[in-house]
Every structure is written in structure tokens, then in C-alpha cells.
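1. structure for the following, please:
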Amino acid sequence: MNATTNNIKSWPHPMVESHGDYRAEAYLEDHIGGKLYSAQHSLPRLPIPAIADTISRFLPTALPLAKSEEEKQTLIKACEEFEGQAGELQKRLLERKDEMKDSSWLQLWWNTLGYLQVRDPVVVNVSYFFNFSDDGTLPQIPSDKSLGVLRAASLLYSTAQFRQLVASGELPHEAIGRKEPKTALCSAAYKYMFNACRVPRKDEDTYRIYDPSLNSHVIVACGGKFFSVDFVEKGNGEPLPLEVIEERLQTCVEMSKSGPSLPMLGYLTSDDRDKCAEAREELLRVGGSKMEEALKVLESGALLICLDENETPVSKKQSSEILFTGGLTSGHNRWFDKSIQLICTNNGKAGMTGEHSMMDGMPVVGFCDYITKRSYGEVAAQSSNKGANAGGYESADQNVKDIFGDCVAELTSTGSDVATHVVNTKSNFDKLVSAHELQVQSFQGYGSSAIKKMGYSPDAYVQMAIQLATYRLWGEQGGTYEATQVRPFLHGRTETTRTVSPASEAFIKTMGLRPKRDEMDASKRTEKLELVREGVSSHAKYIGAAAKGMGVDRHLLGLALSVKDGETAPPLFSHPLYARAKTWRVSTSHLTHPRFDSWGYGEVTPNGVGLAYSIHPNNCMFCVTSLREHDWPERLSHLLEEALLEMQTLDVIEKGPTSKL
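-> The predicted structure is shown next:
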């Protein structure tokens, strides 16, 4: 797929400020046009299931988590009465769907209540990261530039091409399915990918998206300073020659080591959102119009590229920790509100961190696929084949601008509280990072090829291993969430696939809190294998329903939000087992990409784990996060390996030895 050389169409407005309603920015899709948005008007709307269907799906996912028989019986009673009690709420929800016929009945609630109104820091709690595989074509012999600068330049070169495809609408829309015609996916999120930034506000944040035709720059963070760098041709949006980008990035590195000393402003995006809003107001108060312009430059940059020149990670764990938060050594070198941050370390490791509010991970996977597909060597060859003369461009010294360089006097004046805000937010950031632990389990035993030969869906099979491992970690099952995209629907985002079921409960309890080593007993082995099959089948069936918008969690949320002030909600909503069943102690998500070494995100409840995973043909990767006080990630990593090997042993013994003749 090649980037077009057509000019990017200018927008009706240079900047659009979103308040979380996809409908308000939908006119840009018609304005931009092209293949990317060609299916938008024909996408179906997110359905609302019948209450009876939702309750019949919900109940089996909750009962295994009951603490007593009485709790089970009272939940069953609350569910039996729910349909009669929630009839009016369902009517209101159906009316909302009719009123929002040009959208999804859920999206505004989801974007605001689930993201923009949430006051927790986005780092750890909201953002996610991808850790890219190494680029073997980077020079073996060091040059005057770090491998990080070289890799960053090649990623920016490819970013320019992908951004051109998105901004012009020439990128084909995503589609899923094995048969033609494939099912088109919603493209709304792409408008929030480039030249975009979340903006902290008191009570509810906003999201600014800028006209890409007016903004040909990228933001470079190095040493806690932020620079503006042009990386595309102003006329047609094509990438500048690779060596020009390299020189400009190297200039950022050099400028970061000298010049005026400023407070580490990146920390101001890492705290509680109301505190971030207060800090932003203080920046604007002391900096005036110069600060307003500086923030506009930062927000409108295509994306942020972080040059962590002080970092030389080797292991997947070390790389993941830097990508996840920046850690105690590079957290200052981030602007966590930018929609996309590419991160490159001194030794050429690379990855990205994504802000989650208006855009889920799958469109970003497409972007990362594009920019990692071509190596540094291939990009260098393509750039030189164009025959562009690097001497015909503005010098790096002229082009690179220190974004906050003109605001030094104001930021450091006696009347400024910016330094105090930075000290406080850094302290909170350090506490947040130090309170968390991350572990990467790179399981080399087997992967999707072997699982398919056993006759299972790889995803559902690994979910059963996760159930067994967490059961052994805690001595009980915990509510488990697997993210399932519903982008076949207009403005659809995700639905929950619940892994807890009578089938998964029977499987883990038969396997036991510790391996029983009874695989050689044919009857016990047969029983366990049958329970694996039933658990896998149950999970796959639930995923199929969730992908069609027929899960339970979004529907129940909509019903709960339809209760008006002063009204009494159905008792089900306040039942302790209902609450426990949607407390995601195990927050999972599956993403497999051949050029991702790891990926991950934070836990969603203090008493839980974040568990991102990939299932490659011959290995599996798990990234486990949790609060450090629990000491869970290393334990769970071991238990995942134990579960996968134990499940494999059942199959191997059942099938018996194969002849080598």
C-alpha cells in the first residue's frame, strides 16, 4: 500500500474540540471522504438485546463467584424479578437508540463516563503500550547518532506515509471475515489518531484534533524538553528524506543537553486529571499567549516521538517498563495526553504508548503494522531511491524549535507556581510507578499451531489456562474480562467477554489448586480433557455473541444509566454478587502481531491483574501487571506456564506416542 501524493484536503476548521460525542465530528468523515470512510453510512447500529436474553447470559457468569448458597439463591431471585422491574428502563434505552439513530446508543456514555470524566491518571490506568521487535538492519557499527535516533527517523518516515493515507482517506477501511464480502469495521477512531491530544479539564476532559493539512510537524521529546520538527513536505505530505529527519532528531538530542533549564513539564500530564487541569491553567496564567501558542504546537503535532537517550533496555521486561510508564528514569520524557507516543531508546529498542479515550487499540495496531513492516534498511533504500537532495531543505538548526523555549522567563518567574505543580506531580508519579509491578512471561513451550492441532480455539484455550492460573494464585475464581471489539457497528468500541462460566468453574476445580499428577489415570484424564473442551466451547460461544453486540455488560450498564434521579433501581444492581461478577480482577486482552515482542496495560481494580497476551504459532507471551504490594506478577507468570504445560500433557498422553518409522 503506497501513500498518495495528493494534497490532504483542508478542514472547515483548523481545530475541532471533541466532548466525547462521535456524532459531533462525523461531518469530517464526509468531508475527507475516500475509502477509509466509504462504509460509514452503511454500517448497522449497535443492538439492544432483550432483557431475558441478557439475564440468561449473565446468571451463569456470576453464580460461580458466589460466597454462599444463600448468595446464589438471592441472585437468582433478583434475576427472575429483573425483567418486570426493568421494563421501563429498557423502553428508555430503546428510545435513546432511536434518538441516536445516526450513531451508537452507548458511545457518548462510554467516551465520557468511561474515559473523559474519569479522574484517575491516564498513565497505568488508561494508556497501553506495544513493544516492537528489534530491527536487525540498524548499523552494527556505531555512528555519530544513536541507534534510537536512526530507528526513530525510519519510524517517522513510515509514519508520514501512513498519516498521509489516513488524512486523505485513501487508507482502505478495515474489514473482518474469511468470506467475501467481508464485514466492514467502523473508521470513526482514525480522526483521533494523528494531530490529536487529550486536554485536561476540571470534571471532564476534552479531545482536540487539528487539521493535518496545516500541521506538518511532529513533537520530539528528549531529556524532558519538547521540540517541534517538520517531517513531511509541506506541499504534498510526503516524508522528508530519511537523512533530513535523522539530522533534525540529532539536533533535538544536542539541544536537550544545553539551553535554558525548565521545569519538567511532561510530569504535568501524569497526575489525577483535575490536578492536570489545574497545572494547565497555571501554565496558561503565567505564560499567556506565548504558552497558549506553545501548547497549540504540542497538541497539533502529528504525534510525539520520545528519544530516551538515557535508556538501554535489553529484556522484554525492561523494555516494557519503559514503554508502560517511562519509569523513574524517563517518565519526565512523555506527554501522556498525546494520542500516540512512539518511544525509542539509545540502543534501538522501540515501541509506542497510546492514549485510549477516543480510540481503541486495533486501529493503532494497523498503524504499528505499517511502520514496523519496513526495516531501517528498506526505508533508507526507498528514501535514497527518490533522489531527494537533503541540501535543498531547511537546516536542522533552523527547523527544530524548542516549544517552551520562549516561555522560560514566565515559567520561572517569582509569581509562577509551575515548579510547585511539577514537584507535586513528579512525587505522585513516582509513587504510582513504584507501587506497580510488571512481569513478561515468554512461554516457549508451544503456541497456536499446537493448540489448533489439539482441536481448540487458541484464544479460548489460553483463557482456560488463565482461569486455572488465577484460581491457583488466589484460591478462588475472579471476575474475568476479555475485550471484544464491536466495530462492525457504527461507533462501536468494545464489549466484554466474560470467561467465568459453569464450564470454566468445573474445569479449574477438577484440575485443582495444585497439579495432581494423575494424567496417567485414563478416566481422570478423559474427564479433564472433556472439561477443557467444554470450557473452550463455552468461551468461544460467548465471544461470538459479544462480537455481535449481544454481551451483557454494555446492556446492563445502559439500563443502570437509564434510572432517573429519585427512582429506585432494580435490586439486582445493588446485589453483592452482581458487583463481584463485574469487578474485573482479571482484565485480559488478546493481541498477536508477528513484530510485537510484548504489549500491556495496567490492572483495572486494585485487587486484580492486567493480563495482556499474544499467541504466536510456537510460543505465547503474557504481560502481567498489578500493585507491587500483592507480589502477583512473577507468581502468576509461573502458574500460567504450569497450567499450559499441564493442559498439553493431557493431550499428549491421550494421543499416545507417534511412530517415527
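
2. flag the shaky bits of the stretch 551-661 of the chain, pLDDT-wise.
-> Within the stretch 551-661 of the chain, the segments meeting pLDDT under 70 span 658-661.

3. what's the helix or strand for G600?
-> strand 596-601 (DSSP states H and E).

4. off-centre distance for the following helix or strand past that strand?
-> Later in the chain than strand 596-601, the nearest helix or strand by DSSP H and E is strand 609-615. Put simply, strand 609-615 sits 12 Å off its chain's centre (Cα atoms, centre = their mean, to the nearest Å).

5. contact partners for L93?
-> 48, 105, 555, 558-559, 562 (Cβ atoms under 8 Å, 6 or more residues apart in numbering). (Each C-beta comes from the backbone N, C-alpha and C, glycine too.)

6. does it count as helix, strand or coil?
-> helix (DSSP: H, G, I helix; E, B strand; the rest coil).

7. what about the residue nearest to it when sequence neighbours are not counted, distance to V604?
-> Spatial nearest neighbour of L93, chain neighbours left out: G558 (5.0 Å); criterion: Cβ to Cβ, 6 or more residues apart in numbering. Per Cβ to Cβ, to the nearest Å, G558 is found 20 Å from V604.

8. please give me every residue in contact with the residue lying closest to Y192 once chain neighbours are set aside.
-> In space, and not counting its chain neighbours, Y192 is closest to M358: 4.0 Å by Cβ to Cβ, 6+ apart. Shown in contact with M358 (Cβ under 8 Å, 6+ apart): 18, 20, 111, 115, 189, 192, 196, 207, 339.

9. and which of those residues is nearest to V286?
-> Comparing the contacts of M358 against V286 with Cβ to Cβ places Y207 closest, at 24.9 Å.

10. and the closest one, what helix or strand is that in?
-> strand 206-210.

11. what pairs with the helix or strand just after that strand, parallel or antiparallel?
-> Beyond strand 206-210 in the direction of the C-terminus, DSSP H and E gives the next helix or strand as strand 217-222. Partners of strand 217-222 in the sheet, by DSSP bridges, are strand 225-230 (antiparallel), strand 304-308 (parallel).

12. can you tell me which of those strands is most buried?
-> Mean neighbour count, computed with mean count of other Cβ atoms under 10 Å, is highest for strand 304-308 among the strands paired with strand 217-222, reaching a mean of 28.

13. ok, then the element right after it?
-> Immediately after strand 304-308, counting by DSSP H and E, sits helix 316-325.

14. quick one: average pLDDT of stretch 16-32?
-> Mean per-residue pLDDT for stretch 16-32: 98.

15. same question, stretch 386-403
-> 83.

16. quick check: buried residues in that stretch?
-> 388, 393, 396, 399-403 (16 or more other Cβ atoms under 10 Å).

17. and it, how far out from the chain's middle?
-> The answer for stretch 386-403 is 33 Å, by Cα atoms, centre = their mean.

18. run through who's touching that stretch.
-> In contact with stretch 386-403 (Cβ under 8 Å, 6+ apart) are residues 219-220, 225-230, 240-241, 243-244, 247-248, 250-252, 255, 259, 294, 297-298.

19. show me what contacts the residue nearest to G301 when sequence neighbours are not counted?
-> Using Cβ to Cβ, 6+ apart and skipping residues adjacent in sequence, the residue nearest G301 is I219, 3.7 Å away. I219 makes contacts with 226-229, 297-298, 301, 303-305, 335, 338, 403, as judged by Cβ under 8 Å, 6+ apart.

20. switch to 10 Å and redo it
-> Neighbour list for I219: 197, 226-229, 252, 297-306, 335, 338, 341, 403 [criterion: Cβ atoms under 10 Å, 6 or more residues apart in numbering].

21. K275 touches L268, doesn't it?
-> Yes - with contacts defined as Cβ atoms under 10 Å, K275 counts as touching L268 at a distance of 8.5 Å.

22. common neighbours of those two, please.
-> Common neighbours of K275 and L268, using Cβ under 10 Å, 6+ apart, are 200, 421, 424-425.

23. thinking again about what came up before, which of G558 and V604 has more neighbours?
-> Taking neighbours as other Cβ atoms under 10 Å, G558 and V604 compare with G558 leading, 22 against 16.

24. tell me the spacing between the more buried one and A189.
-> 21 Å.

25. again with I8
-> Counting by Cβ to Cβ, the gap from I8 to A189 is 18 Å.

26. give me the more crowded residue out of these two.
-> Taking other Cβ under 10 Å, I8 and A189 do not tie; I8 has more neighbours (23 against 20).

27. residue ranges with poor pLDDT in this protein?
-> Looking at the chain by pLDDT under 70, you get 1-6, 387-391, 658-661.

28. may I ask which two of the shared contacts of K275 and L268 are separated the most?
-> Once Cβ to Cβ is applied, the shared contacts of K275 and L268 give P200 and N424 as the farthest pair, at 14.7 Å.

29. identify the bridge partners of the residue nearest to G301.
-> S228, L304.

30. remind me what the strand holding Y207 packs against, helices and strands.
-> Applying 3 or more Cβ pairs under 10 Å, 6 or more residues apart in numbering; DSSP states H and E, we find strand 206-210 packed against strand 15-18, strand 196-199, helix 273-300.

31. and the angle for the longest one with strand 217-222?
-> Pointing back at helix 273-300 there. 120 degrees (axes from the mean of the first three to the mean of the last three Cα atoms, to 10 degrees).

32. in helix 273-300, what's buried?
-> Buried, per 16+ other Cβ under 10 Å, within helix 273-300: 273, 275-280, 282-283, 286-287, 290-291, 294-300.

33. try the first one
-> Going by neighbour count (16+ other Cβ under 10 Å), the buried part of strand 15-18 is 16, 18.

34. direction included, what does that strand pair against?
-> Sheet pairing for strand 15-18, using DSSP bridges, gives strand 206-210 (antiparallel).

35. could you dump the strand it pairs with to PDB, C-alpha only?
-> Extracted in PDB, the C-alpha atoms of strand 206-210 (Å, rounded to 0.1, in the frame of the first residue of the first chain):
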ATOM      1  CA  THR A 206     -11.900  17.200  26.000                       C
ATOM      2  CA  TYR A 207     -10.000  16.000  22.900                       C
ATOM      3  CA  ARG A 208      -8.600  18.300  20.300                       C
ATOM      4  CA  ILE A 209      -8.000  17.200  16.800                       C
ATOM      5  CA  TYR A 210      -6.200  19.500  14.300                       C
END
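
36. of the strands paired with strand 217-222, which is nearest A175?
-> Of the strands paired with strand 217-222, the one closest to A175 (Cβ to Cβ) turns out to be strand 304-308, at 30.0 Å.

37. dump that closest one to PDB, keeping only the CA atoms.
-> Taking Å, rounded to 0.1, in the frame of the first residue of the first chain, the C-alpha atoms of strand 304-308 are listed here in PDB:
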ATOM      1  CA  LEU A 304       5.000  12.600  19.900                       C
ATOM      2  CA  ILE A 305       8.300  10.700  19.500                       C
ATOM      3  CA  CYS A 306      10.300  10.200  22.700                       C
ATOM      4  CA  LEU A 307      14.000   9.800  22.400                       C
ATOM      5  CA  ASP A 308      15.000   8.100  25.600                       C
END
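
38. from here on, count from 56
-> With 56 as the first residue, the last one maps to strand 359-363.

39. distance between that strand and the chain's centre?
-> For strand 359-363, the distance to the chain centre is 18 Å (Cα atoms, centre = their mean).

40. that strand vs helix 371-380, what angle?
-> 140 degrees.

41. before we move on, back to that, so of the buried residues of stretch 441-458, which ones are in strands?
-> The strands, defined by DSSP state E, take in 456-457 from the buried residues of stretch 441-458.

42. which among the buried residues of stretch 441-458 gets closest to Q128?
-> I458 (62.1 Å).

43. identify the residues contacting the residue nearest to that closest one when sequence neighbours are not counted.
-> Among residues not flanking I458 along the chain, F281 sits closest, at 4.6 Å (Cβ to Cβ, 6+ apart). Going by Cβ under 10 Å, 6+ apart, F281 touches 274-275, 307, 311, 317, 320-321, 349, 352-353, 356, 359, 361, 388, 390, 456-460.
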